[in-house]
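Colleague: Quick one, structure for this:
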Amino acid sequence: MRKIGILGGTFDPVHYGHLILAEQARGEAELDQVIFMPALVQPFKLNNRIAEGHHRCAMLKKAIENNPKFSVSVLELNTPEISYTINTLRDLKKILGADAELYFIIGTDAFLGLEKWYCADDLLHEFSFVIGTRPGYKELELRKHIDYFRSEYGTEIILINNSEVEISSTDIKERIQEGKSIKYLLPEAVENYIYENRLYR
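Modeller: Now for the predicted structure:
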């Protein structure tokens, strides 16, 4: 059975925080591969500071090009309707085959709100989770949720201690707007792509 991690997000743009979380999840959860899944941004949400899907996908591919354990899926980008996580994971499972077990990589806060997601019961029954945690952050609440999900749904849940990296896509875009340096916040290939394509200006 192959263990495949799925890391979703807007990735606008991808930065070292995303890459560190993916690599630590891969290592600590012993995943065979991590797939980055850029989300579709609906047209009515677009403004001149949100990169189109093909740009975000291209930046992701440049960011991971030297890591054979990482890949990018355009499944959600190519889906015109709202991409609910349960539907995306089911579609990906069909593509990857029966020998692939999918682990959705998620942060603590998102995991604590998981029962409010679309078809949460099915999501917890059918798929496994890797949770990025920080020491001392909502530990008691997190433990209660994990125990409940395991007993109620039989969910496989793996906890990892991910490094807290103070980098955000919003900050990167603001720095570009203000003419400040973004060097060392993201891979050089991504930085060059942003400037070459005049993104976030």
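Colleague: From here on, just use CA atoms for contacts and neighbour counts.
Modeller: Noted.
Colleague: Three-state assignment for residue 180, please.
Modeller: For residue 180, the reduced secondary structure class is coil; criterion used: DSSP: H, G, I helix; E, B strand; the rest coil.
Colleague: separation between it and residue 51?
Modeller: With the distance defined as C-alpha to C-alpha, to the nearest Å, residue 180 ends up 19 Å from residue 51.
Colleague: One more: residue 31?
Modeller: Noted for residue 31: a distance of 30 Å to residue 51, by C-alpha to C-alpha.
Colleague: which helices and strands does the longest helix belonging to the chain pack with?
Modeller: Ordering each helix of the chain by length in residues (DSSP state H) puts helix 139-153 first. Of the remaining helices and strands, those touching helix 139-153 by 3 or more C-alpha pairs under 8 Å, 6 or more residues apart in numbering; DSSP states H and E are helix 108-112, helix 120-126.
Colleague: Convert the C-alpha atoms of the next helix or strand along the chain from that helix to CSV, please.
Modeller: Under the assignment DSSP states H and E, the closest C-terminal helix or strand after helix 139-153 is strand 157-161. Output for strand 157-161, consisting of C-alpha atoms alone and laid out as CSV, is shown next (Å, rounded to 0.1, in the frame of the first residue of the first chain):
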residue,chain,number,x,y,z
ILE,A,157,-4.6,10.2,12.3
ILE,A,158,-0.9,10.9,12.4
LEU,A,159,0.4,13.8,14.4
ILE,A,160,3.6,15.6,13.3
ASN,A,161,5.5,18.4,15.0
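Colleague: partners of strand 157-161 in the sheet?
Modeller: strand 128-133 (parallel) (DSSP bridges).
Colleague: all helices in the chain, in order from the N-terminus.
Modeller: Residue ranges of the helices in the chain, as given by DSSP H, are 16-28, 53-64, 85-96, 108-112, 120-126, 139-153, 169-177, 188-196.
Colleague: mind putting those in CSV, mean pLDDT and mean neighbour count included?
Modeller: Shown next, in CSV, are these (pLDDT from 0 to 100; neighbours: other C-alpha atoms under 10 Å):
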stretch, mean pLDDT, mean neighbour count
helix 16-28, 96, 19
helix 53-64, 97, 19
helix 85-96, 95, 15
helix 108-112, 92, 16
helix 120-126, 97, 17
helix 139-153, 95, 14
helix 169-177, 95, 16
helix 188-196, 98, 16
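Colleague: before we move on, back to that, check the offset of the longest helix of the chain from the chain's centre.
Modeller: The gap between where helix 139-153 is centred and where its chain is centred comes out at 22 Å by C-alpha atoms, centre = their mean, to the nearest Å.
Colleague: Taking strand 128-133 as reference, get the angle to it.
Modeller: With axes from the mean of the first three to the mean of the last three C-alpha atoms, to 10 degrees as the basis, helix 139-153 and strand 128-133 are set at 170 degrees to each other.
Colleague: Can I get helix 139-153 in PDB, CA atoms only?
Modeller: Below are the C-alpha coordinates for helix 139-153, written out as PDB (Å, rounded to 0.1, in the frame of the first residue of the first chain):
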ATOM      1  CA  GLU A 139      -3.100  20.200  22.800                       C
ATOM      2  CA  LEU A 140      -6.000  19.200  25.000                       C
ATOM      3  CA  GLU A 141      -8.700  20.200  22.500                       C
ATOM      4  CA  LEU A 142      -6.800  18.400  19.700                       C
ATOM      5  CA  ARG A 143      -6.400  15.200  21.700                       C
ATOM      6  CA  LYS A 144     -10.200  15.100  22.500                       C
ATOM      7  CA  HIS A 145     -11.000  15.500  18.800                       C
ATOM      8  CA  ILE A 146      -8.500  12.900  17.800                       C
ATOM      9  CA  ASP A 147      -9.900  10.400  20.300                       C
ATOM     10  CA  TYR A 148     -13.400  11.100  19.300                       C
ATOM     11  CA  PHE A 149     -12.800  10.800  15.500                       C
ATOM     12  CA  ARG A 150     -10.900   7.600  16.000                       C
ATOM     13  CA  SER A 151     -13.600   5.900  18.100                       C
ATOM     14  CA  GLU A 152     -16.600   7.300  16.100                       C
ATOM     15  CA  TYR A 153     -15.200   7.000  12.500                       C
END
